[in-house]
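Asker: coordinates for the following, if possible.
(5 chains, ligands or ions: 9)
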Amino acid sequence: MGLSLSLRKTFKGGVHPPENKELTEHKPIEVLPPPSTVVIPVQQHIGAPSEPVVKAGDSVKIGDRLTEPTGFVSVPVHATVSGTVKAIEARPHPLGTEVLSIVIEADGEDAWSDAVQDDPNYESLSADEMRQRIRDAGLAGMGGAAFPTHVKLSPPPNKPIDTFILNGAECEPYLTADHRLMLEHAEEIVLGMKLILQILQPKQAFIGIEDNKMDAVEVMKKAVKQVGVDAKVVALPVKYPQGAEKQLIKALTGREVPRGGLPMDVGCLVQNVGTARAIYHAVAKRRPLVERVVTVTGRGVKEQKNLLVRIGTPFSHALDYCGGVTEDAVKLIMGGPMMGIAQFNPEVPVIKGTSGILVLTEREARLREPGVCIRCGRCIEACPMGLMPTVLHSLVNNKRFDEAKEYGVLDCIECGSCAFVCPAKLPLVHSMKWGKMELGRRMKKAG
Amino acid sequence: MKDVVRMGGILGIVTIIAAGVLGAVANVTKPRIEEQHRLALERALLAALPTADPRAIVPVKDENGNILYYKGYADPDTTKLVGYAFLAIGKGYSSDIQTMVGVDTTGKIIGIKILSELETPGLGAKIEEIRHGEKRPWFQAQFIGKTKKDLLVDKDGGPIVSVTGATISSRAVTNSIRKGLERLEKLIGGFKQPAQQPAA
Amino acid sequence: MEVKTLLIISVTAIFINNFIFSRFLGLCPYIGVSKALDSAIGMGMAVIFVMTLASSVAWVVDYYLLEPTQANVFYHVFNLKSPPDLVFLKTIAFILVIASLVQFVEMVIQKTSPALYKALGIYLPLITTNCAILGVTLLNLDMGLNFIEAVVQGFMSGVGFTLALVLMASIRERLELADVPQSMRGIPIAFIMAGLMSIAFLGFSGLKIR
Amino acid sequence: MEQRMWKVSASPHLNDKESISKIMWLVAASLAPAGIGAVYFFGAHAAWVIFWAVVAAVGTEAAIQKLMGKPVTVSDGSAFVTGLLLAYNMPAESPFWLPIIGSIFAIGLGKQIFGGLGYNPMNPALLGRAFLLASWPTHMTIFKTAPHGGTISGIDVETGATPLNLLKLSQDVLRQVKINPAEVPAQKVAEATEHISKLYDAYGNLFWGKVGGCLGETSVFLLLLGAAFLLYKRYIDLRIPVSYIGTVALLTWMFGGTDGLFTGNPLFHVLAGGLILGAFFMATDMVTSPITPKGQWAFGIGCGVITVVIRLIGGYPEGVSYSILLMNLTVPLLDRWAKPTIFGGAAKK
Amino acid sequence: MSVVGEFTKGIYKENPVFKQALGLCPTLAVSNSVQNAVGMGVAMTFVLVMSNIIVSLIRGFVPKKIRIPIYIVVIATFVTIVDLSMAGFAPALHKALGIFVPLIVVNCIILGRAEAFAGRNTVVRSLMDGLGMGLGFTLALLVLATFRETLGNGTFYGLPVHWKGFEPMLIMILPPGAFLTIGLVLGTMNWWDRRRA
Ligand SMILES: Cc1cc2nc3c(=O)[nH]c(=O)nc-3n(C[C@H](O)[C@H](O)[C@H](O)COP(=O)(O)O)c2cc1C
Ligand SMILES: Cc1cc2nc3c(=O)[nH]c(=O)nc-3n(C[C@H](O)[C@H](O)[C@H](O)COP(=O)(O)O)c2cc1C
Ligand SMILES: Cc1cc2nc3c(=O)[nH]c(=O)nc-3n(C[C@H](O)[C@H](O)[C@H](O)COP(=O)(O)O)c2cc1C
Ligand SMILES: Cc1cc2nc3c(=O)[nH]c(=O)nc-3n(C[C@H](O)[C@H](O)[C@H](O)CO)c2cc1C
Ligand code: SF4
Ligand code: SF4
Ligand code: SF4
Ligand code: SF4
Ligand code: FES
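Answerer: Ligands and ions are numbered 1, 2, ... in the order given. I've put the predicted structure just below:
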């Protein structure tokens, strides 16, 4: 056993950025009082946007459905405060562009919709009924990509899932939302996992947690025993991006998701711990996804906290609750420092995929002018996908997209390991994104 | 088909005209070219054997007709032997260096001329360098009067000053001459003793 | 002994007296066809092929038609007094032989192997009037090589040419992405690169194979 | 919340502490012991050579960048390193104009003409050295100054002749004896044999640096000191040095002797000449070496093979510079050949 | 274009070496000394002019399909004449230029001019074109040879031109010097043309 521990399987590449988790890892989740106004974008997931079914002036309660999905790969959004719909208009979205959003003014009563009710017999539901409840609850993956959860839970019959993995890695520096969630709500997470296992009927199940969270490992082990699911809790070595699903699958099962393929191609499915808990809420309590845990952190905020935040809450509201930002704060980021998206407007709302609000000071961000590549090869050693980021960078910047495709730009998971280690500070991830976008545009054009 | 024949014919005629013209030119230049070759050899032999009569330097051949060495006489009747000349070939830095060397009957070098070398210009090629204000290539001039035992470059402990930075070329010339001299000595059955011993 | 001579000829032709870096033969295609690796490889193969062929055929032409020896065909056919010395026709004879040879080979390849034709064909006409090919035949003659040696020297000179061409092409592909000053782009930087490469190849000069 | 300008950029928003200038200046620092050693062994003139080389390298870089209207980036230290390494590759008694011209060539035609840092296909410092060697071979191959503390084990043929040079000369004599014993005076054979045995006893001198040679290459100890620091900082990787030195050791052991296979002296060949300097500081120049691990192994082996070929049968006693330059030419091909496998690329879809 | 224009274009505007990158091998090979450069230039110009004249004379009779072989034969004839005469009258130069004299046959400048110009123009124009191109080629050689010989050997046309203590830069007369010089000359010409444009 000791031997197998020291020879723990892992993936190639990866980096060790400073973790900075000590800022918040011991801070229990606080409930953030709802703001006076929430802004709920109709699209917070990958897939088709949903269509509003309310209009300005309607009054709503928490959990009331605001939109209808427009296709299979689409989920609804719900009211997260009780109050009046003020407007349905384009508003700034944390992912960049302006997106149609439903603006609700809170009435302060915080009343829940009648449809939200515990279902004591939930365990006897059929798999399809469960998927329906999950979809009705508006679940999209909370681990980052926000892919509609019911779609993931409907594998095609020719691709049976034999391995389920619960992703508690939380490899992104600074963030502790999943960590705290596991410590405080382990049982609900495992209950959610039990439902997933019921739906998928896999042969084996893992819970993968980085070993900088041994307390969470213990708690989850206990919860697994208590709830009685057949799952192995595995402590994984700390290495970014341990939580990326392809790397996680590789580390836990030794299987490699083929290029351009999906986890189900190797019989795996990965779900975030937050998603699992939301699944439990959706199925057992018929409770839609209206709030989530967000780590508000970085040395640019006065008091770093883990907060339970209503979807649609402006970042500024959460920051104000944490004492505001410091003088030398320069960067505002949704998510973690490695993959998060920099914001210029602090009024953007928290969405389903917001795991953190990060404010970096000048010293932390270490802003520097990019130089030129000296071919040091660090990016290549760091890339968990086995790519050559420097080559891709120069191909993309010379507009040689076809060659970039040959060199695998589409395989990039945008984890940022390469740019992190680059001594020339080249915007490598930016180039990858540009290359992928341009190739996507071309493919669309070609039909 | 007729076309092909016609064209082939034209091409053939043109080629034959060209060959004819060239034949004529070659006829005119051939004697000149041969003359040039002969002159070059003659000049070298004269440089090697300055005391010999130009008409009285005769090749000595082996049974296959290959020239082994030359004998030089002071008079056209080839009675007064003044010395021998031979071609020394040594492997230099980037080419075979050919040197025509003349010795008197006692084995003392009396003349030398490098016939061909393709050493590095400015380096090995300095074995043919004529210093400003001088008449003869200084490197070759130092061989005059030397005998077999003196034929070693300075780096090997001998008196021949090698061209700076081109020991390989210098050594190639020196060693090839020494070996040639040894071969000649065997072929002619030994040199005469010098008439008088140089004063010690 | 024989094998050693051939080894010396090979090493000399590839590294020491490389056609490009030391002999200055075949520079036009070297500068012209070294922009992309794929075409460089195609060109290189074509040159190796034609050089080998030209060396052997030119040797035969010289030995049996031009040299004033007992082997001279004209001497026997026309019952001449002495073997005629036709060496002065070497240039015209070699170039005609090479040109027709390349034409012929092109035709044969086109008929028999479309794949090979696609790979080499486009380079063949380019090669006809290229000084590397005529050059190697003249060099063989100058150096007085026998048939086998001439063929080996032809082949190995082609290999040396290809080595230089492939290295250059791979570097120029990389230079495409470099920040070369505008005035130096294209041919000038290719020459500079060739200069730097030939500095590196000086390392092989003076190699002594015992 | 008050208005403020948030900086926006693509992820990631953290980066490593390393930067190009930090790497370059620390490489320069790790070369310092060998430089100080050179001044101790060869006298103050070595300091002048280093000074002129560095000043000319940095000055040329600045002048060219200014002329072309580019930002002047000499503070990144790469030109400094180039000048330093060029000086380390020259005899200590070089006239002052030699390092200057060498540096101008190295930076001008070796680096800036390709667009500057990161774009040069060949090692600038070594190009500078090879250029000087071809232009003024006499200045570059004559080592007049004997190192402080005497030359190897009391062989005093010429002061400061390099160990490899002496070995080559002596072995040539012994090989000549094998071919044609009559031609070589017995006294020369004895001398050559004695030289070789003395050379092979001189490991201490070779290790500490008390031998003739280029000013920065002689002290294995001081060079390894710097190299250890770079390895610790992970600025260089062991792949190239290990494969390079390993190949040289293996091949010189096999072919380096005069009495048949496996009679060579690998330790001598590793310690003598510029191998340690080349393998740790010059073959590892990341701009001009392969970028992937597999390519780096191949690069090191290639350097080793060419070095041994030149040392044993080449026109020069030393082959390190040329072997690295020649292998530089193969880097684009090696990079192509040694692409890493893309994750999931081996698996079938 | 005027007849004079046919002559002058070869000197800079359409210089065969610098502007068209043709005839590179002899250019680089023999430009290590001014003497060789002049010899090569004269030989080349002779062949260019003569073959241009003959080609332009016979252009009416030559069937299109076999014009190239016929041009080659014409050119080869003149090349051989030069080769033989040089061997007879200037043996030292003949030795220095080596196989680059017979190689004039395949020099693309000559075939190129025959094909592109002399095959379509009058005798006088072809003569001027040949002279101009020949002069352009010779000038290019001279430029390179001047740099290479003075820097690499400290002489010009064999005469010493250097200060006391000058140590020639050997590399200039070695192969790398040829490549580097022409690269820098071409770069400078590009820079000059771009500046004027
Ligand atoms: C670089 C990278 C790092 C990731 N790290 C994590 C992580 O630490 N935890 C996590 O739950 N998901 C992480 N993800 C997302 C997972 O790949 C995967 O999408 C997620 O676990 C799926 O669960 P979900 O659908 O419930 O979100 C990461 C993705 C990438 C590309
Ligand atoms: C176009 C698309 C289709 C997908 N289809 C499925 C699917 O059928 N089954 C599934 O389990 N996951 C599916 N996924 C989700 C991925 O497996 C993965 O969980 C998702 O991209 C988020 O991963 P990440 O958070 O690591 O980026 C799909 C994703 C995309 C982008
Ligand atoms: C480009 C180049 C050309 C050389 N050409 C010659 C040469 O023609 N003749 C020669 O003896 N050495 C030549 N060498 C070899 C070196 O100068 C060698 O160090 C020298 O011959 C032996 O050293 P030494 O003369 O200082 O003892 C050449 C070296 C180089 C770099
Ligand atoms: C480990 C290391 C080794 C280096 N070695 C060299 C070298 O051998 N020669 C050189 O000119 N520059 C060297 N440099 C500096 C720099 O990389 C070099 O100037 C670039 O080649 C210029 O683009 C080195 C830098 C590092 C970090
Ligand atoms: S980077 Fe991805 S896997 Fe890591 S903590 Fe963030 S969301 Fe989770
Ligand atoms: S961002 Fe893309 S290229 Fe960079 S390390 Fe991650 S997967 Fe590799
Ligand atoms: S890490 Fe940066 S500098 Fe190093 S090779 Fe990659 S892109 Fe170039
Ligand atoms: S055809 Fe011949 S001469 Fe013309 S460019 Fe090509 S190789 Fe050079
Ligand atoms: S290849 Fe064009 S002149 Fe030699």
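Asker: please, which helix or strand holds C:Glu149?
Answerer: Secondary structure assigned from DSSP states H and E places C:Glu149 in helix C:147-176.
Asker: give me the element the residue nearest the centre of chain E is part of.
Answerer: In chain E, the residue lying closest to the centroid (C-alpha atoms, centre = their mean) is E:Phe137, at 3.4 Å. Counting by DSSP H and E, the element that carries E:Phe137 is helix E:123-153.
Asker: tell me what that helix is packed against?
Answerer: helix E:3-8, helix E:24-30, helix E:34-58, helix E:108-116, strand E:155-156, helix E:175-196 (3 or more C-beta pairs under 8 Å, 6 or more residues apart in numbering or on different chains; DSSP states H and E). For every residue, glycine as well, the C-beta is placed using N, CA and C.
Asker: and among those, the most buried is which?
Answerer: helix E:24-30 (a mean of 26; mean count of other C-beta atoms under 10 Å in any protein chain shown).
Asker: and the contacts of that one?
Answerer: With contacts defined as C-beta atoms under 8 Å, 6 or more residues apart in numbering or on different chains, helix E:24-30 is touched by C:23-28, C:31, C:131, C:135, E:17, E:36-37, E:39-40, E:44, E:96-97, E:100, E:103-104, E:107, E:137, E:140-141, E:144-145, E:175, E:178-179, E:182.
Asker: which of those residues are close to ligand 4?
Answerer: With C-beta under 6 Å from any ligand atom as the criterion, those include none near ligand 4.
Asker: burial count for D:Ala190?
Answerer: When neighbours are defined as other C-beta atoms under 10 Å in any protein chain shown, D:Ala190 has 11 of them.
Asker: so it, which of the three states?
Answerer: helix (DSSP: H, G, I helix; E, B strand; the rest coil).
Asker: for it, give its distance to B:Val163.
Answerer: 29 Å (C-beta to C-beta, to the nearest Å).
Asker: what is the strand ranked longest in chain B packed up against?
Answerer: Across chain B, the longest stretch assigned as strand under DSSP state E is strand B:81-91. Other elements packing on strand B:81-91 under the criterion 3+ C-beta pairs under 8 Å, 6+ apart are strand B:67-73, strand B:96-104, strand B:109-116, helix B:167-188.
Asker: apply 10 Å and report the result again.
Answerer: The criterion is 3 or more C-beta pairs under 10 Å, 6 or more residues apart in numbering or on different chains; DSSP states H and E, and the helices and strands that strand B:81-91 contacts are helix B:2-48, strand B:57-61, strand B:67-73, strand B:96-104, strand B:109-116, helix B:167-188.
Asker: strand partners of the shortest one, parallel vs antiparallel please.
Answerer: In other words, strand B:57-61. strand B:67-73 (antiparallel) (DSSP bridges).
Asker: leaving out sequence neighbours, find the closest residue to the residue in the stretch 51-200 of chain A that ligand 8 sits nearest to.
Answerer: Nearest residue of the stretch 51-200 of chain A to ligand 8, counting by C-beta to the nearest ligand atom: A:Gly96, 53.0 Å away. Closest residue in space to A:Gly96, ignoring its immediate chain neighbours: A:Ile341 at 7.2 Å, by C-beta to C-beta, 6 or more residues apart in numbering or on different chains.
Asker: residue contacts, the residue lying closest to E:Thr122 once chain neighbours are set aside?
Answerer: Of all residues not flanking E:Thr122 in the chain, E:Ser56 sits nearest, at 6.5 Å (C-beta to C-beta, 6+ apart). Residues near E:Ser56 by C-beta atoms under 10 Å, 6 or more residues apart in numbering or on different chains: E:114, E:117-127, E:129-130.
Asker: and the residue lying closest to A:Ala419 once chain neighbours are set aside, how many neighbours does it have?
Answerer: For A:Ala419, ignoring the flanking residues on the chain, the nearest one in space by C-beta to C-beta, 6+ apart is A:Leu428 at 4.3 Å. By other C-beta under 10 Å, the residues close to A:Leu428 number 31.
Asker: pretty sure A:Leu428 contacts A:Leu395?
Answerer: No. In this structure, A:Leu428 is not within contact of A:Leu395 by C-beta atoms under 10 Å, at 11.9 Å.
Asker: low pLDDT regions in the chain?
Answerer: Looking at chain A here, since you left the chain open. A:1-8 (pLDDT under 70).
Asker: looking at chain C here, not the other one
Answerer: For chain C (pLDDT under 70), the answer is C:1, C:119-122, C:125-126, C:128-129, C:209-210.
Asker: secondary structure class for residue 34?
Answerer: Reading this off chain A. coil.
Asker: identify, out of the helices and strands packed on strand B:81-91, the most deeply packed stretch.
Answerer: It is strand B:96-104: most buried of these by mean count of other C-beta under 10 Å, with a mean of 23.
Asker: returning to that earlier point: in contact with the residue nearest to A:Gly96, which residues?
Answerer: A:94-96, A:332-335, A:348, A:354, D:8, D:10-11, D:13.
Asker: quick one: these as TSV, columns for neighbour count and secondary structure too.
Answerer: What follows is those, written out as TSV (neighbours: other C-beta atoms under 10 Å in any protein chain shown; DSSP: H, G, I helix; E, B strand; the rest coil):
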residue	neighbour count	secondary structure
A:Pro94	24	coil
A:Leu95	16	coil
A:Gly96	12	coil
A:Leu332	30	strand
A:Ile333	30	strand
A:Met334	23	strand
A:Gly335	24	coil
A:Val348	24	coil
A:Thr354	27	coil
D:Val8	14	coil
D:Ala10	18	coil
D:Ser11	23	coil
D:His13	30	coil
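Asker: closest to D:Gly209 out of the residues you listed?
Answerer: D:His13 (47.6 Å; C-beta to C-beta).
Asker: follow-up on the earlier one: ok, the residue nearest to the centre of chain E - contacts?
Answerer: Counting by C-beta under 10 Å, 6+ apart, E:Phe137 has contacts E:10-11, E:15-18, E:22-23, E:26-27, E:37, E:40-41, E:44-45, E:48, E:107, E:109-110.
Asker: how far away from the center of its chain is the helix holding E:Phe137?
Answerer: Its chain's C-alpha centre and that of helix E:123-153 lie 5 Å apart, by C-alpha atoms, centre = their mean, to the nearest Å.
Asker: repeat for stretch C:56-71
Answerer: That offset, for stretch C:56-71, works out to 20 Å (C-alpha atoms, centre = their mean).
Asker: closest approach to chain C from the stretch 301-447 of chain A, which residue is it?
Answerer: The stretch 301-447 of chain A approaches chain C most closely through A:Ser394 (4.8 Å), counting by C-beta to the nearest C-beta.
Asker: what's the spacing between that residue and C:Ala36?
Answerer: For A:Ser394, the distance to C:Ala36 - C-beta to C-beta - is 17 Å.
Asker: the more surrounded of those two?
Answerer: Using other C-beta under 10 Å, the more surrounded residue of A:Ser394 and C:Ala36 is A:Ser394, with 22 against 14.
Asker: ligand 8 contacts on chain E?
Answerer: E:Leu22, E:Cys108.
Asker: what residues does chain E put near ligand 6?
Answerer: So chain E never meets ligand 6 (C-beta under 6 Å from any ligand atom).
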